[in-house]
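Compute the structure for the input listed below.
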Amino acid sequence: MTETTEEEAATAREMRHASVRKVWRWLASGITTAVIGAAAGVYVPKLLDPPDQRSVALNVVNNPATVNTWGTEEFGLVMPKGKTPTGQLPTDCDRVIDWARRNKAVDQEVTRVRLVIQGIADKGVLIEGLRAKILNRSPKPTPAGVGLRCGGAQGEATPRQLEINLDAENRSAKYSTNTPGQLKPFGFTLEKGETEVFDLAATTRGTAEWLIQLDLVVGGKQETVDVQNRGKPFETTAWKSPQIYKLPAGSEDWMLCTNMPHGACKNTR
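Numbers count the residues shown, from 1 in each chain. Below is the predicted model:
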């Protein structure tokens, strides 16, 4: 048997220590994710994004058909110019929206977003405001392709429902409805581990690419956090397509309709 040298023994010990440190990091990461997921699970089935250099952990839910706030409203999207749905389309509204987004569809007239925010700073985070930052905007809708519409099937509303007019000079978020005794949407502190949920509806009469900007104060210092749509800008257009594929709530049959007064619809089967 070959005798182990002191240098080889030291190397082996360091490898064991490194392995143990790696396991502890993995466990700590899993515990942190589980805690954050549990805090937000009542609002959204996805985990929050892992903490980084920001003072808050964020999760963006961009599929409104999975959020109860917007009830049984109809959701509209616009396909790219010249692109028409082919083959077997999904028959669940949340799957329709995911499918359309994968095929470069844009939200029609209104973009609905749920933003889940959790404080991770030791000193707490003052949430001063939320607004839209416009990257590109046209006052008139950019011509595009056919429309898609499907109905939601959710129920009750949740707190802090906000709206933004993307065409206004002041694009700060405000309450969708004013209720007597309602708390202000901003100007409150989010302590470490606390979770807050904002349901935002942003509208335009033209076409816009935009980001969400979150204004924070941490330890007396102001911060602005840019919130994207899974790494891309949010896109909203008021383009009215001459043809619309509709999936009524509770139905499994797609209808092809003409977008005009008293427009006719026919089953696509």
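
quick one: strands adjacent to whatever helix or strand F198 lives in?
Taking DSSP states H and E as the definition, one finds F198 inside strand 195-203. With DSSP bridges as the test, strand 195-203 is paired with strand 110-119 (antiparallel), strand 161-165 (parallel).

my guess is Q213 meets I134, correct?
No. Q213 is not in contact with I134 according to C-beta atoms under 8 Å; the separation is 10.5 Å. Any C-beta I mention is one placed from the backbone N, CA and C, and that applies to glycine too.

more crowded one of those two?
Under the neighbour definition other C-beta atoms under 10 Å, Q213 and I134 were set side by side, and Q213 has more, 17 against 14.

so what's the more buried one bridging to?
In this structure, Q213 bridges to R131, D226 when assessed by DSSP bridges.

In contact with it, which residues?
130-133, 224-227 (C-beta atoms under 8 Å, 6 or more residues apart in numbering).

In JSON lines, list those along with distance to I97 and pLDDT.
What follows is those, written out as JSON lines (distance: C-beta to C-beta, whole Å; pLDDT from 0 to 100):
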{"residue": "L130", "distance to I97": "23", "pLDDT": "95"}
{"residue": "R131", "distance to I97": "25", "pLDDT": "96"}
{"residue": "A132", "distance to I97": "21", "pLDDT": "98"}
{"residue": "K133", "distance to I97": "24", "pLDDT": "97"}
{"residue": "T224", "distance to I97": "29", "pLDDT": "94"}
{"residue": "V225", "distance to I97": "25", "pLDDT": "94"}
{"residue": "D226", "distance to I97": "24", "pLDDT": "95"}
{"residue": "V227", "distance to I97": "19", "pLDDT": "95"}
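
Just give me the closest of those residues to T69.
L130 (15.7 Å; C-beta to C-beta).

Please name the nearest non-neighbouring residue to K140.
Nearest residue to K140, sequence neighbours excluded (C-beta to C-beta, 6 or more residues apart in numbering): G206, at 5.5 Å.

show me the contacts for that neighbour.
G206 is in contact with 137-142, 167, 237-238, counting by C-beta under 8 Å, 6+ apart.

in the stretch 151-269 of the chain, which spans are strands?
For the stretch 151-269 of the chain, the strands defined by DSSP state E, counting those that start in this stretch occupy 161-165, 174-175, 188-190, 195-203, 207-218, 221-227, 234-237, 243-247, 255-258, 265-267.

circling back: please name whichever of the strands paired with strand 195-203 is nearest to A100.
strand 110-119 (13.1 Å).

tell me how far that closest one is from the chain's mean position?
Relative to its chain's centre, strand 110-119 lies at 5 Å (C-alpha atoms, centre = their mean, to the nearest Å).

Which positions in that strand come out as buried?
Buried residues in strand 110-119, counted by 16 or more other C-beta atoms under 10 Å: 110-119.

Check stretch 235-243 too.
Buried residues in stretch 235-243, counted by 16+ other C-beta under 10 Å: 235-239, 241.

Show me just the buried residues among the contacts of G206.
Buried, going by 16+ other C-beta under 10 Å: 141-142, 237-238, out of these.
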